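1. Structure, please.
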Amino acid sequence: MNAPPRKPNAVRHLSTAALVGFATVLWLAAYTGSFTRLMADDYCTQELGARAGIIGGLVEQYQGWAGQFSNILVKNAMGVLGADVVPFLPALILGAWFAVLWWTLAQIAQAVGLQTRFIPVLAAAFLFAIYAFNPQRIQSFFWLAAFVPYTMPLVLTTGLIGVIVRFTQQTEQPIPVGVAITALIAFVTSGFSETFVVTLVAALGVAFLWAASGLKATTRRRALTLIVTAGLAAVAAALIIVAAPGNQLRLDQFSSRPSLGQALSTALVSSIGFFAAALTQFAPFAVLPSVVIPAWVAYTHNTRWLTHRRPRILVLLLLSGLIIIAAPITVSSILIGTLPPARAYIIPLFFLQISVWLFGYGIGESLALDVSRKRLSRLTVEGAGVFAAVLVGASIVTAAYTTTVTFSLFRVFAAEWDARDQALRANAEAGETAMVVDAPQDALEPRIGLENLTNDPAFWVNSCMARYYGLESIRIRDG
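-> Next up, the predicted model:
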């Protein structure tokens, strides 16, 4: 087989340009995150952690509200550390995610024989797509109450994938060590939210089927052992979450639940609708890098990792993404009669992203094969590649623009929040217990779907904020 001719300088220049573009958007996101502050639920969790401590707060929440032990522990730790750490968290999460992606992709590259020079652009492109792909990215990346239970576990899951690949391929590594690390990561990760643990179990089930049918005998047993271990650890975490006495208080908020048939029907329609919307509507051009970048790498590298003798694998990859998406939607529809909250969309989007990336990689392999067999001309493929590169550039520009708009909103919000925070602390130290404050000129919270301070001291945000500042009450000035 003759490989498509490579142009090292052109490949290197395109890779550098793409890397710079993706990194610019991610840097803008990290800088925007430095202007995030406490919002809505954050006052409740910060007060709990500061008052009850990490473990005491876990016991109180587990008994009175939810069983998401990892989520509660992290938020309690934030309460102990104080609100000053919150502006650093978005950049920390993005930076840690990029580093973990780099390491995981290095394990995958070693397993499939991919050149390591592609790793930086692949890692940046994946993280860019997760950010740009998400219609609720403001909550997922800039709101403490959402990015801890829904975004943080995805960083750990990325590492979990790398661990499974590493201990599957490196047969000289002792499997008990891999089992222990896999179990620990899967257990901790599954404790962040019900939505996540359901999605992870479904993803592991799909991964089990792929490994059982597609891996060689020399690695299949190790892979299946690690996948089953992760699944059992996730189920153990789910049982702890479900056993929490506080769950009933949350379930009581959903007074009417549909029949099983209605729930399954809603779940089916919603899953297909979510799948279609994610690929076409959530963000203009955002899905393109998820197909184009892996396809470009596969075409340039000319591998036959995915599509060797099995072209139908491309359809099965997308079907796998749909199955994983359907899991949390189905469970949520049955238990509470509604879909998971929009702030949790990043979880199914992450796993859909993996499916789309593998689909794109398979497309690149198929194109390289067709060119080598003269079924397609090199000029046609590379011409289409130029057009795709322009569209990827458009996705970068679009994401950069929307991020600068978000930055402008958060900069104003942070200035107003800091001034109010300073005044409230000063007045509380002076002995005042009932505070009346002016309404923000352009409140951010309602614009991003969150509740805000009102003129009713008994409203839950007012109540949490009052406890956070050590006041008896706080409200917005009438008029």
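
2. so how far is the helix or strand hosting residue 159 off the chain centroid?
-> Element membership for residue 159, per DSSP states H and E: helix 152-169. Centroid separation between helix 152-169 and its chain, computed with CA atoms, centre = their mean, to the nearest Å, is 14 Å.

3. Dump the C-alpha coordinates for it into PDB.
-> Provided in PDB are the C-alpha atoms of helix 152-169 (Å, rounded to 0.1, in the frame of the first residue of the first chain):
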ATOM      1  CA  MET A 152     -14.400  18.000  37.600                       C
ATOM      2  CA  PRO A 153     -15.200  14.300  37.300                       C
ATOM      3  CA  LEU A 154     -14.500  14.400  33.600                       C
ATOM      4  CA  VAL A 155     -10.900  15.400  34.300                       C
ATOM      5  CA  LEU A 156     -10.600  12.300  36.400                       C
ATOM      6  CA  THR A 157     -12.300  10.200  33.800                       C
ATOM      7  CA  THR A 158      -9.800  11.300  31.200                       C
ATOM      8  CA  GLY A 159      -7.100  10.000  33.400                       C
ATOM      9  CA  LEU A 160      -9.100   6.800  34.000                       C
ATOM     10  CA  ILE A 161      -9.100   6.100  30.300                       C
ATOM     11  CA  GLY A 162      -5.300   6.600  30.200                       C
ATOM     12  CA  VAL A 163      -4.800   4.200  33.100                       C
ATOM     13  CA  ILE A 164      -6.900   1.500  31.500                       C
ATOM     14  CA  VAL A 165      -5.000   1.900  28.200                       C
ATOM     15  CA  ARG A 166      -1.600   1.900  29.900                       C
ATOM     16  CA  PHE A 167      -2.200  -1.200  31.900                       C
ATOM     17  CA  THR A 168      -3.900  -3.000  29.000                       C
ATOM     18  CA  GLN A 169      -1.000  -2.400  26.600                       C
END
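
4. which element follows that helix toward the C-terminus?
-> helix 175-190.

5. And that following helix, what does it pack against?
-> helix 69-81, helix 152-169, helix 194-214, helix 217-242 (3 or more CB pairs under 8 Å, 6 or more residues apart in numbering; DSSP states H and E). (Each C-beta comes from the backbone N, C-alpha and C, glycine too.)

6. ok, back up a step: could you check the angle the helix holding residue 159 makes with helix 217-242?
-> In terms of direction (axes from the mean of the first three to the mean of the last three CA atoms, to 10 degrees), helix 152-169 departs from helix 217-242 by 150 degrees.

7. Which strands or helices does the top helix by length along the chain pack on?
-> In the chain, with assignment by DSSP state H, the single longest helix is helix 378-429. Secondary-structure packing of helix 378-429 (3+ CB pairs under 8 Å, 6+ apart): helix 8-33, helix 119-133, helix 137-142, helix 288-301, helix 346-372, strand 434-437, helix 460-469.

8. 6 Å - rerun?
-> The contact analysis (3 or more CB pairs under 6 Å, 6 or more residues apart in numbering; DSSP states H and E) places helix 378-429 against helix 8-33, helix 288-301, helix 346-372.

9. The shortest one vs helix 378-429, what angle?
-> Spelled out, it's helix 288-301. 140 degrees.

10. relative orientation of helix 288-301 and helix 8-33 in degrees?
-> Going by the same axes, to 10 degrees, helix 288-301 makes 150 degrees with helix 8-33.

11. mind starting the numbering at 675 from now?
-> From this message on, residue numbering opens at 675, which makes the last subject helix 962-975.

12. and helix 962-975, average pLDDT?
-> What helix 962-975 shows for mean pLDDT is 82.

13. Beyond it, next helix or strand please.
-> helix 987-1010.

14. Quick one: residues contacting residue 1121.
-> Listed by CB atoms under 6 Å, 6 or more residues apart in numbering, residue 1121 has no contact partners.

15. ok, now residue 912?
-> So residue 912 contacts residue 871 (CB under 6 Å, 6+ apart).

16. can you count the residues close to the nearest residue to residue 834 once chain neighbours are set aside?
-> Sequence neighbours aside, residue 859 is the residue nearest to residue 834 in space, at 4.6 Å (criterion: CB to CB, 6 or more residues apart in numbering). Neighbour count for residue 859, taken as other CB atoms under 10 Å: 21.

17. For residue 1016, see how far away residue 817 is.
-> From residue 817 over to residue 1016 the distance is 12 Å, taken as CB to CB, to the nearest Å.

18. okay, these two: which has more neighbours?
-> The neighbour count for residue 817 versus residue 1016, taken as other CB under 10 Å, is higher for residue 817 (27 against 14).

19. Tell me how far that one lies from residue 1126.
-> Taking CB to CB, one finds residue 817 at 13 Å from residue 1126.

20. do residue 789 as well
-> Applying CB to CB to residue 789 and residue 1126 gives a distance of 50 Å.

21. ok, now residue 760?
-> From residue 760 to residue 1126 the distance is 17 Å (CB to CB).

22. More neighbours: which of the two?
-> residue 760 (21 against 17).

23. Just give the nearest non-adjacent residue to the more buried one, would you?
-> Nearest to residue 760 is residue 818, by CB to CB, 6+ apart, at 5.7 Å.

24. Local confidence estimate at that neighbour?
-> 92.

25. surely it meets residue 716?
-> Yes - in terms of CB atoms under 6 Å, residue 818 counts as a neighbour of residue 716; the distance is 4.8 Å.

26. Averaged pLDDT, stretch 757-776. What do you get?
-> For stretch 757-776, the per-residue pLDDT averages 94.

27. how about that stretch: buried residues?
-> Neighbour counts over stretch 757-776 (16 or more other CB atoms under 10 Å) mark 757, 760-761, 763-765, 767-768, 771-772, 774-776 as buried.

28. Would you reformat those residues as TSV and include secondary structure?
-> Shown next, in TSV, are these (DSSP: H, G, I helix; E, B strand; the rest coil):
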residue	secondary structure
757	helix
760	helix
761	helix
763	helix
764	helix
765	helix
767	helix
768	helix
771	helix
772	helix
774	helix
775	helix
776	helix
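
29. Among these, which one sits closest to residue 964?
-> Nearest to residue 964 among the buried residues of stretch 757-776 is residue 775, at 13.6 Å by CB to CB.

30. quick one, what contacts the closest one?
-> 797, 800, 832.

31. now, which of the residues you listed sits nearest residue 780?
-> Looking across the contacts of residue 775 and measuring by CB to CB, the closest to residue 780 is residue 797, at 9.3 Å.
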